[in-house]
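[1] Pasting the sequence and the predicted coordinates here, then a few questions.
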Amino acid sequence: MGGNHAFRARPRKIAAGAPAVDVRLNARAEDEGGEGFNRPSQFLRHLPNLALSFQAAYAAPFIMMSQNRQAAIDRAAAMNDDATNAEAELEIELLPQKLDMLRETEVSELIRVIRRLESRLPAQPEPTPNA
């Protein structure tokens, strides 16, 4: 987690090496008759920037891996949504056909029941006209 070891070690080496280089440059300036460490603010002003840069460089792989993981989760969810939507679309397309079949079945069943009931009724005499 956090990227490969070489990628994670690079900012550590830079963070450890930058103050050493700064100290060496200040010592050289002192040897050449310059002010060197007489102005500690010159050295210290870089430390917060260095600390923040180190923190950002160290956290970047974790952040990127988290984003990649979230993107993979989002892709899987989107694919699942697409599959569900395709299934629902097929069901909706078949729904009118299913309703028609159900109506036909119910109508034929009702006709069969009516005929059966008609067969049970006694025969009615034909009405004669009164005139």
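    Received the coordinates, thanks.
[2] need the next SSE after the lowest-mean-pLDDT helix or strand in the chain, C-terminal direction.
    Least confident helix or strand, the chain: helix 40-44 with a mean of 59, by mean pLDDT, DSSP states H and E. Downstream of helix 40-44, the first helix or strand assigned by DSSP states H and E is helix 46-120.
[3] Summarise which helices and strands that next one is packed against.
    The contact analysis (3 or more C-beta pairs under 8 Å, 6 or more residues apart in numbering; DSSP states H and E) places helix 46-120 against helix 5-31. Yep, even glycine has a C-beta here, placed from its N, CA and C like the rest.
[4] and the helix it packs on, average pLDDT?
    Mean pLDDT, helix 5-31: 67.
[5] for the chain, which spans come out with low pLDDT?
    1-5, 7-8, 11-12, 15, 18-19, 22, 25-45, 131 (pLDDT under 70).
[6] and with 50 instead?
    1 (pLDDT under 50).
[7] middle-most residue in it, spatially?
    In the chain, the residue lying closest to the centroid (C-alpha atoms, centre = their mean) is D74, at 1.9 Å.
[8] sec struct for E126, please.
    Here E126 is coil, with the state taken from DSSP: H, G, I helix; E, B strand; the rest coil.
[9] Make residue 1 into 6 and carry on from there
    Sounds good: first residue 6 from here, last item E131.
[10] Quick check: phi and psi on it?
    Backbone torsions for E131, taken as degrees, to the nearest 10, come to phi -70, psi 130.
[11] give me the number of residues near H51?
    Close neighbours of H51, defined as other C-beta atoms under 10 Å, add up to 14.
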